[in-house]
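Student: Quick one, structure for this:
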Amino acid sequence: MGLLQRCPGYLCDNTTPRNELDVPQGYLCNICSEVAQIDAQIIRTRNLLADLTEKRDTVKNRRLNRLHDPLMCIPVEVTSQIFVFYNDIKRMEPGLSSAAFKKDIDWSPSLFLASISQGWRQIALATSELWTSIDIQVYSLANIPLQAELLNQCLDRSGKRLLVIRLIAKPKMAFPADSPVKMSPLFDVIRQCAPRWQKLFVHLPQRLYAAFVGDLTCAPSLVHLELEPMGGTVTEQKCFQLAETPSLTHLDISRQFLSQIDVQWYNLTTFNCGILSIDELFELLRRAKRLLQCGFFILFEDCGDYPLPEIPIVHQSLRKLRFVASNTSDDSTLEALFNGIELPSLDEIHIDCSDTAQLVSVPRGLHSLFERSRCPLTQFSICNDKSSGLDILSILESLPTVTNLYLEGRKMMTNTVLKLLGERTLTEDGTFQFRILPNRKTLVFVGKRGFQWQSLMDAFFPGWKEASDTRPSTGSPSPTWPFTLRFNLALTKSKNLDYIDADIVPHLVNAQKEMSSIKLEIGVMERRVDLIELSWMRYLQMDVN
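Tutor: Below is the predicted model of the structure:
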């Protein structure tokens, strides 16, 4: 008796449609043949739906027209303010550095808005506020005439408003000897609107500065000037001479000598510089009588361009001084600086000596500076691996007005330093206050731990041992003045976390909960972790095991 041949379609899934090619070849019964045809129709329909969905998305994402644009349904004045708000947000980032050269559409939010639709373009071109901030990105000398024409159009749209102009060259762009001539069409247009300059940012080779200024001598409305030469050789001749700038209050320069800049200094309130010598700093204080903030990244010894003061220069206005000592700065360099100035209004001082190996201890002259100035200092910051925390405290003992202290260095925080920072005195009204920094708000330490955890508890949480034994505390009460104690500790030599001792961490956690006047934060450098929490979890795990 012969066997019946099974239909190959029987092996197909009863629920999932299959392509005709996937069905086994050979004889199919009538039912399986009809199912295979239906499966093929289902697959073709699915492919058609996928194509239609993609086509729908393409059509839907076409440019807006006036009938669909929601901005066309509100008054033009409101739309203009929305555009201005968007433009301001896109320009909030700092605008002058080689990194500021952008290849995408973000470099000109105004042109981007004008490119969306005809309706948007009409509103954007009629909103003068959108065209007062102009970014000129030089990427090819061949395109200078076109950029000059485009700049003229932007200036026409801006009306008579004050201007913010950023002139930035493409990084590593070559500028041949005839560059001043080829750049002249663009320079001419920028100079013509000099009476309307409010902020000017120039990032070009230094040898083009003279051609940029040309015969211009006055910029009456210029408030903010930033000069950052790009690449190439830095000359020693005067490169930027703009003698009449009566409104200038903010000056940023980089890789240039003070003698190379000719502007009006008297009304200057903010000065930032990449490299500055001691004699240049003295000359700056002589010229800028209204200076409030002064910062420079590298401080060098006397260059001989200006005379050193025979008696300290008294500057009545300066409130914030921030600088970084160079790797060649030594004790005598900083001593000459601090002995040559008197700052009775100084409120903040930030000293970074982390890159120099020449300093022996605390920069000499700091004591005499503060004794001479008698300033209301509130913020004191120093970074120095050679300085001792004890030397810093000897300075701070005579500065009770300091509220924020920042210490960074290997020798800054020791058991003795913690003990002195935790010393309290009884006031006349019966309350306790800290002997050093009685008005403290924030104490920050960054570096390798050079103290025992028990010393930290003894200094800021007195009586913690008695509290753990349920005996009355004999330590001094916590001061009523609240402050934050923030540590950012380095990893161990083996690159592991420096956990809090197991016999300390539970008391530290309890003390944090009970003592609301002191907020303690302990983190780890280069890692965003809470060392107190990690140590507590580690303690609980050890207890379970």
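
Student: And Gln512, how far from Asp39?
Tutor: To Asp39, Gln512 is 68 Å away according to Cβ to Cβ, to the nearest Å. All C-beta spots, glycine's among them, are computed from the backbone N, C-alpha and C.

Student: neighbour-wise, which of the two wins?
Tutor: For Gln512 versus Asp39, neighbours defined as other Cβ atoms under 10 Å are more numerous around Asp39 (19 against 15).

Student: what's the offset of the helix or strand where that one lies from the middle of its chain?
Tutor: Asp39 belongs to helix 30-60 when elements are defined using DSSP states H and E. How far helix 30-60 lies from its chain's middle: 55 Å, per Cα atoms, centre = their mean, to the nearest Å.

Student: try stretch 259-278
Tutor: 22 Å.

Student: Please apply the same query to stretch 314-326.
Tutor: Worked out by Cα atoms, centre = their mean, stretch 314-326 lies 21 Å from the chain centre.

Student: Which residues does it contact?
Tutor: 276, 285, 289-300, 333-334, 341-353, 355-356, 359, 363 (Cβ atoms under 8 Å, 6 or more residues apart in numbering).

Student: Okay, and which of the residues you listed map to helices?
Tutor: 285, 333-334 (DSSP state H).

Student: Break this structure down into its structural domains.
Tutor: Listed by automatic domain parsing, the domain ranges of the chain are 8-60, 68-262, 265-391, 413-545.

Student: Go through those and pick out the most buried.
Tutor: domain 265-391 (a mean of 18; mean count of other Cβ atoms under 10 Å).

Student: First-to-last residue distance for that one?
Tutor: Taking Cα to Cα, to the nearest Å, domain 265-391 runs 37 Å from one end to the other.

Student: Please, where are all the strands along the stretch 251-400 of the chain?
Tutor: 261-262, 270-277, 293-300, 313-314, 320-325, 341-342, 348-352, 379-383 (DSSP state E, counting those that start in this stretch).

Student: Pairing partners for the first one, with directions?
Tutor: I take that to be strand 261-262. Paired with strand 261-262 in the same sheet, following DSSP bridges, are strand 240-241 (parallel).

Student: need the least confident one among the strands of the stretch 251-400 of the chain, by mean pLDDT.
Tutor: With a mean of 85, strand 293-300 has the lowest mean pLDDT of the strands of the stretch 251-400 of the chain.

Student: Any chance you could list what contacts it?
Tutor: 269-278, 281, 284, 318-326, 328-329, 333-334, 337.

Student: in its sheet, what does it sit against?
Tutor: strand 270-277 (parallel), strand 320-325 (parallel).

Student: Alpha carbons only: can I get the shortest one in PDB?
Tutor: This file holds the C-alpha atoms of strand 320-325, laid out as PDB (Å, rounded to 0.1, in the frame of the first residue of the first chain):
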ATOM      1  CA  LYS A 320      38.700  91.500  42.500                       C
ATOM      2  CA  LEU A 321      42.300  90.300  41.700                       C
ATOM      3  CA  ARG A 322      42.900  86.900  40.100                       C
ATOM      4  CA  PHE A 323      46.100  85.600  38.600                       C
ATOM      5  CA  VAL A 324      48.200  82.500  37.800                       C
ATOM      6  CA  ALA A 325      52.000  82.600  38.500                       C
END
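
Student: can I assume Gly422 is in contact with Phe451?
Tutor: No. If you go by Cβ atoms under 8 Å, Gly422 and Phe451 don't touch, sitting 11.5 Å apart.

Student: tell me which element Arg440 falls in.
Tutor: Assigned by DSSP H and E, Arg440 falls outside every helix and strand.

Student: is it true that it touches Arg486?
Tutor: No. Contact status for Arg440 versus Arg486: not in contact, 11.9 Å apart, counting by Cβ under 8 Å.

Student: Now do the shared contacts for the two.
Tutor: With Cβ under 8 Å, 6+ apart as the test, Arg440 and Arg486 reach no residue in common.

Student: Need the pLDDT of the closest residue to Ala124 other than its chain neighbours.
Tutor: Nearest residue to Ala124, sequence neighbours excluded (Cβ to Cβ, 6 or more residues apart in numbering): Ala114, at 4.1 Å. Per-residue pLDDT puts Ala114 at 85.

Student: Excluding chain neighbours, give the residue nearest to Leu407 in space.
Tutor: Leaving out its chain neighbours, Leu407 is closest to Phe445 (Cβ to Cβ, 6+ apart), at 5.1 Å.

Student: quick one: contacts for the one you found?
Tutor: Counted by Cβ under 8 Å, 6+ apart, Phe445 has contacts 407-408, 412-413, 486-488.

Student: Specify which member of those is nearest to Ala194.
Tutor: Glu408 (44.3 Å; Cβ to Cβ).
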